[in-house]
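Participant: Need a 3D model of the following:
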Amino acid sequence: MTQLANVKFSLDDYELRDGIYFPGDYKQLNSTQHKKTWDKIGKTYYGSQKIETVADQSPIKQDYTLLTGTPGGTWNKFPLNKSVDSILEIGCGYGRAPLHLSKAKNLRCEKYYGIDISETLLRRLIKVKQEYDFFPEAEFNIICNSAETLPLADNSIDLVISNCVFMHIPDAQLKKLLADISRVLKPGGIFVFNHSFHNKSCPSHIIHNFVRKLNPFVRNPVYLKQYSSAEIQEMLATAGMKTKCPEYIVEPTQEYAILPETIKGIRIPFAKAINQSLKPSGSLKETLAYGFSAYSTQLD
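Facilitator: As a prediction, this is how the structure comes out:
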């Protein structure tokens, strides 16, 4: 794994404003199309649920799952009552994963670091933290930046988590990010990348890809990247993950699809029912799975 020369891996060069750490070149970052896209998405993402304006007796305030839903997948395997010193979340958004882990799994930590490129989502995260007080005793550090280089020291993080994020990141940037995750992860540390990679062999994705190519002049800047299980394994190995976390697994998710449920915003009749009826076995799971998760086999 190649170290970056003359790079200072700390938050010392960041400016803390309104509870969020901003990099020194934030003005330049703010001018990029990638950040503009995610800030725009952040303004509408779950925007109909205004937790900061509803009454205290609102069902949303009494039951956080009404705001976030209940994450599934690998989070179902996460142990109860685990305690770690430090957590890093990549693409923390408005806090869905840590809220669930804190409230439903009683995960505890001394330090939480959440990084996301969308300032609007991070401001929503602050509201969610205020309302539900997840990780109540932790030092809380929220960072607004892209994630190629993490402003954290080598071997400083016990647990790295990410939920449905990596498929949004361009290949070269993702490889840099995985190498930097390996750098900051403590030897023997653990990671959970839940539903983080979309499956290139999934028939639904193949159909979507074909439709996209019909109009070469229209491109979705956040269109989901897709990988095979072997490609994911190779990326993780090249990033040096095995030197920090020798035992991990890449496995297909339990959502399967042979038909897209929508194409160009048009709903496909019966596609959802057909996809939900799929019960593949053996190697077909890896073919029909919507995506892949990667996680430490020794979560506890």
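Participant: and Val128, how many neighbours?
Facilitator: Using other CB atoms under 10 Å, Val128 has 22 neighbouring residues. The C-beta positions use only the backbone N, C-alpha and C, and glycine is treated the same way.
Participant: Excluding chain neighbours, give the residue nearest to it in space.
Facilitator: Closest residue in space to Val128, ignoring its immediate chain neighbours: Gly95 at 4.4 Å, by CB to CB, 6 or more residues apart in numbering.
Participant: isn't that neighbour right next to Lys127, touching?
Facilitator: No - using CB atoms under 8 Å, Gly95 is not in contact with Lys127; the gap is 9.1 Å.
Participant: Give me the more crowded residue out of those two.
Facilitator: Between Gly95 and Lys127, counting by other CB under 10 Å, Gly95 is the more crowded of the two (29 against 14).
Participant: Show the contacting residues for that one.
Facilitator: Thr68, Gly114, Arg124, Leu125, Val128, Lys129, Phe134 (CB atoms under 8 Å, 6 or more residues apart in numbering).
Participant: Ile258 is in contact with Pro203, correct?
Facilitator: Yes - with contact defined as CB under 8 Å, Pro203 reaches Ile258; the gap is 4.4 Å.
Participant: Determine how far the helix or strand Lys272 falls within lies from the middle of the whole chain.
Facilitator: For Lys272, the host element (DSSP states H and E) is helix 271-277. In terms of CA atoms, centre = their mean, to the nearest Å, the centre of helix 271-277 is found 26 Å from the chain centre.
Participant: what's it in contact with?
Facilitator: Ser204, Glu255, Tyr256, Ala257, Ile258, Leu259, Pro260, Glu261.
Participant: so the second one makes contact with Ala289?
Facilitator: Yes - contact criterion CB under 8 Å: Glu255 and Ala289 qualify, at 7.1 Å.
Participant: out of the two, which sits in the more crowded spot?
Facilitator: Shown here are Glu255 and Ala289; by other CB under 10 Å, Ala289 has more neighbours (23 against 17).
Participant: Around the nearest residue to the more buried one once chain neighbours are set aside, how many other residues sit close by?
Facilitator: Nearest residue to Ala289 in three dimensions, chain neighbours excluded: Pro252, at 3.3 Å (CB to CB, 6+ apart). By the measure other CB under 10 Å, the count of residues near Pro252 is 22.
Participant: Now do the contacts for Pro252.
Facilitator: Listed by CB under 8 Å, 6+ apart, the contact partners of Pro252 are Asn199, Ser229, Lys285, Glu286, Ala289, Gly291, Phe292.
Participant: Beta-bridge partners for it, please?
Facilitator: Phe292 (DSSP bridges).
Participant: what are the ranges of the helices in the chain?
Facilitator: Counting by DSSP state H, the chain has helices at residues 26-30, 33-44, 59-62, 65-68, 96-104, 119-132, 171-184, 203-213, 229-239, 241-244, 271-277, 284-288.
Participant: With distance to Glu52 and mean pLDDT as extra columns, can I get these in CSV?
Facilitator: CSV is the format used below for these (distance: least, CB to CB, whole Å; pLDDT from 0 to 100):
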stretch, distance to Glu52, mean pLDDT
helix 26-30, 24, 91
helix 33-44, 14, 84
helix 59-62, 10, 84
helix 65-68, 11, 84
helix 96-104, 15, 96
helix 119-132, 5, 92
helix 171-184, 31, 95
helix 203-213, 36, 88
helix 229-239, 38, 97
helix 241-244, 39, 94
helix 271-277, 33, 95
helix 284-288, 41, 96
